[in-house]
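1. Can you look at this prediction? I've put the sequence above it.
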Amino acid sequence: MQSKYQLRGLQLWPSMLFFQVWSEFSIYGDRILRSILDLKGQQTQPIDSQIALTAKSADGLYESQFDLFKSDREGIPDLVRFIESSLKLAVSVAHSQRVTPSQLSVNFVDSWYHVTTSGGFHDAHWHHGCSWCGIFYVDIGQCHANAVGAPNGGSRFYCPISAGGSYKDAGNRYMHPHYDPPLENGLLIIFPSHLLHSGLPYFGDQQRVVVAFNAQVHLQP
């Protein structure tokens, strides 16, 4: 970054988040929702993955095993196609187009769904063994922002630099403690795996349904 005053700026550790609404969600959204609810009906326990149980609510949360993207149920392969193409594009942008999407291959090491009912939440966490993660919102239910207090069932991302002794003033744009993105059905959020995030407590009569993934991205041989 070069200014007219010969001052050169370099961003060393940006945390980029990417947002994209699936243009074909009106075609596939209901199919994906039916497929996920069918799979939920086959679960033998609320948290089928049995991962990080103490970070998840004992009631109000249903989580699949971590292989959802291997499913051929209606709508799932189409969702994977959209997410893979979006992730390749995001990585290209994050690297200032030094690589093109066609040069990249994606390995989804984990993929799962959450179906949240009243009282469900997932405490703050980050993901290992991957470079990028994402959340796709199939049905946000009664998730909404509040004028006072935390959003109902929102996704919250936490500042990764707050432990460094920085000072929040007009000269520091990065010291806000967290970010609660506005959500909508069909939205994909892609974020780096080191970013601490949580699924805030959700209360409502409708189910909140999301799909999540962890991915490794490699250069094509």
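-> That came in fine, so what should we check first? Numbering: from 1, shown residues only.
2. Quick check: bridge partners of the residue nearest the centre of the chain?
-> In the chain, the C-alpha nearest the mean C-alpha coordinate belongs to Ile135, at 2.7 Å (CA atoms, centre = their mean). In this entry, Ile135 is beta-bridged to Ile189, Ala212, by DSSP bridges.
3. Make sure it is actually in contact with Val209.
-> No: Ile135 lies out of contact with Val209 (CB atoms under 8 Å); the separation is 11.3 Å. Every C-beta, even on glycine, is put in place using the N, C-alpha and C of the backbone.
4. Can you list the strands that the helix or strand where Arg156 lies pairs with?
-> Arg156 belongs to strand 155-158 when assigned by DSSP states H and E. The strands beside strand 155-158 in its sheet (DSSP bridges) come out as strand 178-179 (antiparallel), strand 197-202 (antiparallel).
5. quick one: secondary structure of Ile32?
-> helix (DSSP: H, G, I helix; E, B strand; the rest coil).
6. what about it, neighbour count?
-> 24 (other CB atoms under 10 Å).
7. Surely it and Gly75 touch.
-> Yes: in terms of CB under 8 Å, Ile32 counts as a neighbour of Gly75; the distance is 3.7 Å.
8. Excluding chain neighbours, give the residue nearest to Pro182 in space.
-> Ala145 (6.8 Å; CB to CB, 6 or more residues apart in numbering).
9. Report pLDDT for that neighbour.
-> The model reports Ala145 with a pLDDT of 84.
10. doesn't Asp180 make contact with it?
-> Yes: Ala145 lies in contact with Asp180 (CB under 8 Å); the separation is 7.1 Å.
11. any common contacting residues for the two?
-> Common contact partners of Ala145 and Asp180 (CB atoms under 8 Å, 6 or more residues apart in numbering): 151, 154.
12. Show me which positions of the top helix by length along the chain end up buried.
-> Longest helix in the chain by number of residues (criterion: DSSP state H): helix 76-94. By 16 or more other CB atoms under 10 Å, the buried positions in helix 76-94 come out as 76, 79-80, 82-84, 86-92, 94.
13. likewise stretch 106-114?
-> Neighbour counts using 16+ other CB under 10 Å place 106, 108, 110-114 of stretch 106-114 among the buried residues.
14. Measure how buried Leu167 is and give me the count.
-> Not quite, residue 167 is Tyr, not Leu. For Tyr167, using other CB under 10 Å, the count is 7.
15. burial measure for the closest residue to Val211 other than its chain neighbours, as a count.
-> Nearest-residue entry for Val211: Phe136, 4.4 Å, with adjacent residues in sequence omitted and distances by CB to CB, 6+ apart. Burial of Phe136 is recorded as 24 neighbouring residues (other CB under 10 Å).
16. Okay, helices next: where are they in this protein?
-> Using DSSP H, helices in the chain cover 25-41, 76-94.
17. For Gly153, which of the ones you listed is the nearest?
-> helix 25-41 (16.3 Å; CB to CB).
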